[in-house]
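> Just to be clear, the model below is a prediction. Sequence and coordinates:
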Amino acid sequence: MKAEQQATTDLRIVGDLTVLRSKIMDDAEADYSWRVDPELAGLDATRPVTLTFIEYMRYHRDDVNYPSLWSVRIAIDTLDGRHIGNCMYYDINPDKSQCEFGIMIGDREYWGRGYGTDVVKSALKHIFTSTRIKRVYLHTLIDNFRAQKSFARAGFNKVREVKRDGYEFVLMEVHQKDWTAAHPEEHPTTADKVLESATSTAPTSQAASEAGSNLRQHQTDADPLPGS
Ligand SMILES: CC(C)(COP(=O)(O)OP(=O)(O)OC[C@H]1O[C@@H](n2cnc3c(N)ncnc32)[C@H](O)[C@@H]1OP(=O)(O)O)[C@@H](O)C(=O)NCCC(=O)NCCS
């Protein structure tokens, strides 16, 4: 748990257009406005959150204070510090050395201007150089062409189409070996132990465990798809 907390608390990745950083309490208001937005929820194949802001704050506080071993939530800022969205890697599976990736640029002013591609590139670099994860995959709705194009530009390849819960998705993936071959200048670091931590350590904090399960219980509709 300590390794995971250390890793996620210290997260700061500067790209060409964006900064990826750890979640903080001040993110709550923007996050909530994006979570209750029906269009954004629809693009994520979920339903909008129905919690009040006060209720949402409770889960947000738990998320910030008790990071999960199995998912890493990350805020997206512009280079000048404007919070425009979030991404996460989750369903971290130590046995398969893989995880799922999700992204939401909530601020529509920043769609279609290269920010998403920059985020995905930074996130893949972080995952493949700082964790033991070897495969990252994602599901995106079959008609979300902007997302598919952005993911492909950042290195994801289409695997197949997947039908689930009445939705049609495109499953995309990227393997570390292919990413490394395309980025020979990048070298692994040892700073982050995400997968090692998830492999070897059950949550040491009861509160952390409860926070995670409470959030899942109450936000099922807003949670990402389970892994393939
Ligand atoms: C999906 C998302 C992360 C993509 O980030 P982005 O910053 O908007 O995308 P980018 O500008 O980096 O790249 C989009 C690409 O799609 C193209 N594009 C933009 N709008 C498009 C559209 N309506 N149809 C097809 N292609 C489109 C752009 O031209 C660009 O391709 P190019 O670089 O070859 O020109 C972002 O739009 C977002 O978060 N949207 C809302 C939530 C969402 O859809 N999340 C994904 C759930 S899986």
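Looks like it came in fine.
> what element comes up after the longest helix anywhere in the chain heading to the C-terminus?
Longest helix of the chain, by residue count under DSSP state H: helix 115-130. Downstream of helix 115-130, the next assigned helix or strand under DSSP states H and E is strand 135-141.
> about what we covered before: export only the CA atoms of the longest helix of the chain, formatted as CSV.
Below are the C-alpha coordinates for helix 115-130, written out as CSV (Å, rounded to 0.1, in the frame of the first residue of the first chain):
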residue,chain,number,x,y,z
TYR,A,115,-4.9,17.0,-25.7
GLY,A,116,-6.3,13.5,-25.5
THR,A,117,-3.6,12.1,-27.7
ASP,A,118,-1.0,13.8,-25.5
VAL,A,119,-2.5,12.4,-22.4
VAL,A,120,-2.6,8.8,-23.7
LYS,A,121,1.0,9.1,-24.8
SER,A,122,2.1,10.3,-21.4
ALA,A,123,0.1,7.7,-19.6
LEU,A,124,1.5,4.8,-21.7
LYS,A,125,5.0,6.1,-21.2
HIS,A,126,4.4,6.2,-17.4
ILE,A,127,2.8,2.7,-17.3
PHE,A,128,5.4,1.0,-19.5
THR,A,129,8.5,2.6,-18.0
SER,A,130,7.4,2.9,-14.3
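> distance of residue 158 from the ligand?
13 Å (CB to the nearest ligand atom, to the nearest Å). From N, CA and C alone the C-beta is placed, and that goes for glycine too.
> got the contact list for that residue?
Residue 158 sits next to 148, 152, 170-172 when contact means CB atoms under 8 Å, 6 or more residues apart in numbering.
> Give me the helices and strands touching the host helix or strand of residue 62, please.
Using DSSP H and E, residue 62 sits within helix 53-65. Counting contacts by 3 or more CB pairs under 8 Å, 6 or more residues apart in numbering; DSSP states H and E, helix 53-65 is packed against helix 28-35, helix 206-218.
> in the strand or helix carrying residue 149, what counts as buried?
Using DSSP H and E, residue 149 falls within helix 145-154. For helix 145-154, a neighbour-count test (16 or more other CB atoms under 10 Å) marks 147-148, 150-151, 154 as buried.
> count of residues packed around residue 81?
8 (other CB atoms under 10 Å).
> For it, report the pLDDT, please.
Turning to residue 81, the model gives it a pLDDT of 97.
> Please report how far it lies from the ligand.
Here the distance between residue 81 and the ligand works out to 18 Å (CB to the nearest ligand atom).
> residues contacting that residue?
For residue 81, the contact set (CB under 8 Å, 6+ apart) comprises residue 19.
> Tell me the secondary structure at it.
Per DSSP: H, G, I helix; E, B strand; the rest coil, the secondary structure class of residue 81 is coil.
> same thing with the one 4 residues further on?
Look at residue 85: counting by three-state DSSP, its state is strand.
> how many other residues sit next to it?
Neighbour count for residue 85, taken as other CB under 10 Å: 23.
> For the protein, which residues are neighbours of the ligand?
Taking CB under 6 Å from any ligand atom as the measure of proximity, the chain contacts the ligand at 40, 43-44, 85, 103-105, 111-117, 140, 144-147, 149-150, 153.
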